[in-house]
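**Student:** using only what follows, build the 3D model:
(one chain, ligands or ions: 1)
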Amino acid sequence: MAETHEFQSDIAKLLRLLSQSLYQNREVAVRELVSNASDALDKYRLLSLREEDVPTADDLQIVVTPDAEAKTLTIADNGVGMTHDDLIENLGTIAHSGTEGFSQGLEGNDADSLIGQFGVGFYAAFMLAESVEVRTRSYREEGGWKWTSAGTGSFEIDQIAMPEHGTEVVLHLRDDAKDFADPQRVEYVLKRYSSFVPHPIRLAGLSSDGEPGETLHVNDQPPIWVEPKGSVTPEQHRQFFGYLSGQVGANPLWNLHLSLDSPLEIKSILYCPPMNPELMGLGRAEHGLHLCARRVLVQSDCDKLLPEYLRFLYGLVDSSDLPLNVSRQALQDDTVFRKIRQVLTGKVLSRLSKLAENEPKTYQEFYEQFGTTLREGVATDNVNRDKIAELLRFRTIDAPDEMSGLKAYVEGMKEGQTQIFHVGGRDAEAVKRRPTLEAFTARGLNVLLLTDPVDEIVLSTLDEYDGKKFVSVESAEADLPPLPESDDEKDDRPEPAAPAGLEAVLGLFREALGDETEEIRQTDKLTGSPCRLVTPGGGLSPQLQSVLGANDKNFKPPKRILEVNPRHPLVRRLADLSVNAQNGDFIKSCGRQLFDNALLMSGMVPDPTELAARAERFMTDAAGAKSSVIL
Ligand SMILES: Nc1ncnc2c1ncn2[C@@H]1O[C@H](COP(=O)(O)OP(=O)(O)OP(=O)(O)O)[C@@H](O)[C@H]1O
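**Tutor:** Purely as a prediction, here's the structure:
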């Protein structure tokens with residue numbers, strides 16, 4: 001005789017809401033039922049291991065049977081099953097019931113947010129079914145039970161014969177959910193949500209070549225992330241990487257296989273692909289990680305599990321601490337989720353630092369591909385900024401073909417050097433010829449060669465490393481140690497120009513250049529060049545200025561300081577000539593030309609018409625001063 005039971009009042013409300021859920025949410029019903037079946041198998045496996053009188057079962061599996069004729073979808077397992085009382089307890093009440101949020105969700109009459117916020121579990125079946133039949137036999141009993149409900153206020157329980165322990169959930173599909181009786185549709189849903197379920201899922205009704213009528217093993221991907229690290233072969237990694245990334249056959253550059261028990265239980269494998277599609281102009285990497293809770297996929301392409309600057313990684317994260325069925329938004333707000341993200345980020349950065357230390361060649365390869373993405377983290381991740389700084393790599397003017405880290409730079413710093421110097425440019429040889437570099441090369445100081453203007457922004461965000469400030473060689477703030485004493489060249493250096501003459505020259509330069517410079521002054525930092533341009537403290541370097549200028553037509557480069565070398569033969573000669581007022585215009589022209597030369601050498605473009613006309617005048621004068629007489 002069938003017994004009738006009333007649902008707890010909240011469940012009746014919940015069922016009404018679920019039946020109104022949006023079409024695209026319905027797939028989660030299959031996921032929930034498969035996940036319950038998988039849990040029941042897990043429980044059985046554990047019991048058979050622990051209790052002598054529970055026979056071992058080596059054929060634990062989930063069988064999903066869509067039946068278009070009968071308009072049903074059945075999810076069956078040979079797990080623990082349920083007794084009569086289990087049925088009343090488990091499928092008649094609800095764990096969240098009575099909690100404030102749950103009641104509010106029910107009152108709000110919004111099925112989607114409810115599905116999002118709470119694990120709707122078994123009751124999700126009513127998103128697809130007009131009535132549900134659960135046939136079950138507990139591993140502890142001989143007979144079985146049938147639970148049926150049309151999703152209204154009550155359910156019925158009746159005794160039945162079941163040959164084996166386990167549960168079959170039969171969904172009598174609603175008219176608008178008939179597609180769930182189509183094996184192809186169900187296969188898609190199972191592959192999408194349940195490929196990582198740790199028990200075999202067989203789909204009755206489709207063969208491996210898509211022919212109807214046979215049984216297909218749907219989740220053929222072994223859960224290698226739960227295996228001990230050492231037992232996963234490179235080939236398995238390759239396959240798993242191919243599965244996750246779609247880059248079938250490619251080898252990941254490196255992987256990170258994690259198994260943590262604290263502060264959270266996390267099992268994870270992450271892969272770095274061999275190439276960065278963003279460098280090939282293929283747009284931003286939009287994929288994310290697969291997130292599983294107890295091997296059940298909670299969310300694929302979860303792009304919030306790692307910070308943006310690690311967006312290139314593929315992988316899967318499995319944690320038993322996560323709530324299984326919550327919406328994207330609710331999940332991301334979950335404290336466990338945030339903790340996972342934090343732990344994962346830290347582990348990835350440590351993995352990279354080990355890679356840099358132990359496999360420098362692979363690290364270099366990695367950095368060439370993903371360095372540009374990684375360095376975004378300096379600006380966006382305050383917490384890990386110092387760790388990311390350690391991972392940055394730069395070319396230097398001493399070793400332009402190698403990439404070295406800031407640590408190595410600091411270790412190679414000269415005595416008395418207090419700052420880390422950098423210069424923008426691609427070609428180390430051309431950069432070294434710039435007048436601004438003279439003072440640095442004369443002192444044997446190494447300089448970071450920033451090949452990309454963004455690097456300068458990265459360094460200015462960091463501001464300092466190991467207590468040493470980053471300073472552009474073009475900056476007036478550059479603090480240079482004294483020239484090496486033993487340098488013979490010091491004694492050979494020519495005398496500076498007479499102070500009075502030099503002042504006159506600087507005065508004429510100031511007149512000529514008007515307000516185009518911030519200041520014009522002498523310097524003793526130059527050796528071979530007559531002058532150089534430096535940026536006042538904290539100013540933008542010329543490289544960065546040209547980038548900004550290219551992007552913004554209204555950008556006005558800030559004024560710079562023209563520093564003049566009083567020992568240079570030209571400057572000394574001009575100082576001598578300055579006593580005669582008639583030479584004033586010539587000296588001013590020289591000032592303009594020197595300024596334009598300095599601009600050119602620092603990558604800026606002065607007015608070409610004026611520059612060419614002036615150079616022609618100089619040549620005409622110089623040619624006029626020459627004699628055609630052959631002596
Ligand atoms: N296939 C099954 N075999 C055995 N027991 C089951 C099965 N499906 C459901 N149950 C029992 O019913 C209970 C309620 O299931 P339901 O899916 O509503 O919630 P849950 O699985 O406990 O939570 P959640 O789905 O949020 O993780 C389960 O805890 C389990 O005891």
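**Student:** any idea how far the ligand is from E133?
**Tutor:** Using CB to the nearest ligand atom, to the nearest Å, we find E133 at a distance of 13 Å from the ligand. Where you see a C-beta, it was placed from the backbone N, CA and C, and this is true even at glycine.
**Student:** next, that residue: secondary structure please.
**Tutor:** strand (DSSP: H, G, I helix; E, B strand; the rest coil).
**Student:** nearest spatial neighbour of it, skipping sequence neighbours?
**Tutor:** Excluding the flanking residues, the one nearest E133 by CB to CB, 6 or more residues apart in numbering is V170, at 4.2 Å.
**Student:** secondary structure element holding that neighbour?
**Tutor:** strand 166-173 (DSSP states H and E).
**Student:** hmm, the residue nearest to E133 is touching P66, no?
**Tutor:** No. V170 lies out of contact with P66 (CB atoms under 8 Å); the separation is 11.3 Å.
**Student:** find the residues that touch each one of the two.
**Tutor:** Residues touching both V170 and P66 (CB atoms under 8 Å, 6 or more residues apart in numbering) are T72, L73.
**Student:** sorry, back to before: ok, residues contacting the strand holding V170?
**Tutor:** Residues outside strand 166-173 that contact it (CB under 8 Å, 6+ apart): 29, 33, 36-37, 40, 71-79, 81-82, 122, 125, 128-137, 180-181.
**Student:** filter those down to the buried ones and hand me the PyMOL line.
**Tutor:** Remark: buried members of those, expressed as a PyMOL selection using 16 or more other CB atoms under 10 Å:
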select buried, resi 29+33+36+37+40+71+72+73+74+75+76+77+78+79+81+82+122+125+128+129+131+132+133+134+135+136+137+180+181
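**Student:** my reading is that H290 lies in a strand. Confirm?
**Tutor:** Yes. Under three-state DSSP, H290 sits within a strand.
**Student:** quickly list what it is bridged to.
**Tutor:** On the basis of DSSP bridges, H290 is bridged to L316.
**Student:** contacting residues for whichever residue of the stretch 451-600 of the chain sits closest to the ligand?
**Tutor:** Nearest to the ligand in the stretch 451-600 of the chain, going by CB to the nearest ligand atom, is T461, at a distance of 43.6 Å. By CB under 8 Å, 6+ apart, the contact set of T461 is V378, A379, R385.
**Student:** columns pLDDT on top of those, output as JSON lines?
**Tutor:** Putting these into JSON lines (pLDDT from 0 to 100) gives the following:
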{"residue": "V378", "pLDDT": "95"}
{"residue": "A379", "pLDDT": "91"}
{"residue": "R385", "pLDDT": "95"}
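**Student:** so who does L87 touch?
**Tutor:** L87 neighbours (CB under 8 Å, 6+ apart): V134, T136, W145, W147, I157.
**Student:** give me the neighbour count for the third one.
**Tutor:** Other residues within reach of W145, judged by other CB atoms under 10 Å, total 24.
**Student:** which SSE is it in?
**Tutor:** Short version, using DSSP H and E: W145 is in strand 144-149.
**Student:** got it, and the last one?
**Tutor:** Using DSSP H and E, the secondary-structure element containing I157 is strand 154-160.
**Student:** now do the second one
**Tutor:** When elements are assigned from DSSP H and E, T136 belongs to strand 129-137.
**Student:** just how off-centre is that strand within its chain?
**Tutor:** Its chain's C-alpha centre and that of strand 129-137 lie 45 Å apart, by CA atoms, centre = their mean, to the nearest Å.
**Student:** show the average pLDDT along that strand.
**Tutor:** For strand 129-137, mean pLDDT rounds to 97.
**Student:** partner strands of that strand and their direction?
**Tutor:** Strand 129-137 is paired, per DSSP bridges, with strand 144-149 (antiparallel), strand 166-173 (antiparallel).
**Student:** indicate which one of those is closest to the ligand.
**Tutor:** Once the strands paired with strand 129-137 are compared by CB to the nearest ligand atom, strand 166-173 is nearest, at 3.7 Å.
**Student:** any idea which helix or strand in this protein has the lowest mean pLDDT?
**Tutor:** Among the helical and strand segments of the chain, the one scoring lowest on mean pLDDT, DSSP states H and E is helix 111-117, with a mean of 55.
**Student:** centre of the chain versus stretch 256-266, how much separation?
**Tutor:** 20 Å.
**Student:** can I get it in PDB, CA atoms only?
**Tutor:** Taking Å, rounded to 0.1, in the frame of the first residue of the first chain, the C-alpha atoms of stretch 256-266 are listed here in PDB:
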ATOM      1  CA  LEU A 256      51.900  22.700 -11.700                       C
ATOM      2  CA  HIS A 257      50.400  19.700 -10.000                       C
ATOM      3  CA  LEU A 258      49.100  20.600  -6.500                       C
ATOM      4  CA  SER A 259      47.800  18.600  -3.700                       C
ATOM      5  CA  LEU A 260      47.100  20.600  -0.600                       C
ATOM      6  CA  ASP A 261      45.400  19.800   2.600                       C
ATOM      7  CA  SER A 262      45.700  23.100   4.300                       C
ATOM      8  CA  PRO A 263      44.700  25.900   4.500                       C
ATOM      9  CA  LEU A 264      42.200  24.300   2.100                       C
ATOM     10  CA  GLU A 265      41.800  21.000   0.500                       C
ATOM     11  CA  ILE A 266      42.800  21.600  -3.100                       C
END
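**Student:** tell me which residues of the helix or strand harbouring S353 are tucked away?
**Tutor:** Here S353, judged by DSSP H and E, is contained in helix 335-358. Buried residues in helix 335-358, counted by 16+ other CB under 10 Å: 336-337, 340-341, 343-345, 347-349, 351-353, 355-356.
**Student:** contact residues of the chain facing the ligand?
**Tutor:** Within the chain, the positions adjacent to the ligand are 32, 36-37, 40, 77, 79-82, 90-91, 119, 121-122, 167, 324-325 by CB under 6 Å from any ligand atom.
**Student:** which of those residues fall in strands?
**Tutor:** Assigned to strands by DSSP state E, the following of the residues of the chain next to the ligand qualify: D77, T167.
**Student:** state the distance from the residue nearest to E133 to L631.
**Tutor:** Note on V170: its distance to L631, by CB to CB, to the nearest Å, is 115 Å.
**Student:** same deal with L260?
**Tutor:** The value you get for L260 to L631, if CB to CB is used, is 88 Å.
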